[in-house]
Structure formats: structure tokens, C-alpha cells
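Trainee: sequence and predicted structure below; questions after.
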Amino acid sequence: MDFYNVLRMGHRPERDKRVTTHVALTSRAFGAKKMYLHRSDSRVIETINNVVSKFGGDFTVETTTNPKKTIKEWDGKIMHLTMFGLPIDDKLVEIKNVKEPILVVVGAEKVPPWVFEYSDFNIAIGSQPHSEVSALAIALSKLNEDSYNQNFEGPIQVIPSGERRNMVDISKSED
Ligand code: SAM
């Protein structure tokens, strides 16, 4: 699904590597196509490429040094997730009716005021501070109930089990 893309703003490589990696993993697992990463971090990109090569999908991480340009040039709508925004449930019908691709913006450090200004929707998942990972997961699953049931055709497939970890590597079993 090409509809949702994510912009991770304000990544600080020295302290945000793990959370930014989780933002990317959550973006992929909940059906987004791409994450734009504000500030380059090859460790995040390597980890995500490794997950994609094992578990499939065509999710990519693209570095941007100019998030304002990414937002201004976005051909679609901008949804900024912020605790200061309007409750998602009040805007759900409107956002679900959007026909153009949506760029979902999440912060790390404090986002600059122009992000509020350039966004079509400033949306809160509750009005308490929590996490960009939880905000993103809840927003994507509210907008598309099946968002986390992605079927990626990777070589490694998880076999759901109530008892144990179970995976098959279909690249090995096919010859
Ligand atoms: N300290 C930063 C500030 O003052 O803006 C916020 C840090 S917060 C951990 C990082 C990101 O999580 C925010 O930029 C926002 O995208 C997201 N976030 C946190 N709580 C949220 C909420 N209640 N609703 C929507 N997004 C939220």
C-alpha cells in the first residue's frame, strides 16, 4: 500500500537510534510504504534493510536533510501527530475520506512551529505525552483496521503458534 508514508523529524543519532528504528519497523509493519528520515543514520537504514530482506515487503528508508522541503513538496496531505492536536476520533471520517497519499509526521525532539502550520491535520492520540511509536501505531490502525495484518512475501515466514517461536525459511525449502 503506497498510501501512507512517514516523516521522522528531528532524529538525533546519538540518542534516538533505537526509537527511530522502532518508528521505521512500525511504519513497515502497519502498512506504510516509506519512512523519510530527517538526519542521516546508516545504522537505522541497515537494520531496516536487513529486516526487509528477511521478512519481505518493499519498505524503504530515505534520508532527508530538509524536512520542510519534504513537507512542502509532498503531493498529498500532511498529518502531524502531536499531543497538542485534535482528537483522532473527531477527524477520523474526514481523514479516511482523503484520496491522496498521506505523509504522517512524527517528532523526536520538539518539532518546529511551522510543522503545525504546514500540516492539513494536527492529530492527537490522547492529549497526554507518550511516544511516537505508540502514536503512529494507533493512528495507522485507526485509519485502517487491518493495517497490522500485512502479508509480506519474504524468505522468512512466521508460522503463528500458541506454543513456540516458529519460522520457515522458504528460500531454503524450495530447491
Ligand atoms: N519533547 C517533544 C516536544 O516537546 O514536542 C515531544 C517528544 S515525543 C516523545 C515525540 C513525538 O511523539 C511527538 O513529536 C509526537 O509525534 C509523538 N507523540 C507523543 N505523544 C503524542 C500524543 N499524545 N498524540 C500524538 N502524538 C504524540
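Mentor: Nice, thanks for sending it over.

Trainee: from here on, contacts and neighbour counts on C-alpha atoms
Mentor: Fine.

Trainee: the helix or strand containing Glu117 and the ligand, are they touching?
Mentor: Using DSSP states H and E, Glu117 falls within helix 113-118. No: applying C-alpha under 6 Å from any ligand atom, one finds helix 113-118 separated from the ligand by no less than 9.9 Å.

Trainee: mean confidence for the helix or strand following that helix?
Mentor: Using DSSP H and E, the helix or strand that directly follows helix 113-118 along the chain is strand 121-124. The average pLDDT within strand 121-124 is 98.

Trainee: do stretch 47-57 as well
Mentor: The model assigns stretch 47-57 a mean pLDDT of 97.

Trainee: buried ones in that stretch?
Mentor: 48-49, 51-52, 54-57 (16 or more other C-alpha atoms under 10 Å).

Trainee: so what's Arg12 up against?
Mentor: 39, 108-109 (C-alpha atoms under 8 Å, 6 or more residues apart in numbering).

Trainee: just the pLDDT for it.
Mentor: 97.

Trainee: repeat that for Ser27.
Mentor: Confidence score, pLDDT, at Ser27: 98.

Trainee: for Lys17, what are phi and psi?
Mentor: Dihedral angles of Lys17 (phi, psi; degrees, to the nearest 10) stand at phi -60, psi -50.

Trainee: cool, Ile156 as well?
Mentor: The phi/psi pair for Ile156 (degrees, to the nearest 10) is phi -100, psi 120.

Trainee: same question for Ser147.
Mentor: Dihedral angles (degrees, to the nearest 10) for Ser147: phi -60, psi -30.

Trainee: got it, and Asp146?
Mentor: phi -90, psi 10.

Trainee: if we can go back for a sec, now for the helix holding Glu117, which elements pack on it?
Mentor: helix 67-72, strand 77-87 (3 or more C-alpha pairs under 8 Å, 6 or more residues apart in numbering; DSSP states H and E).
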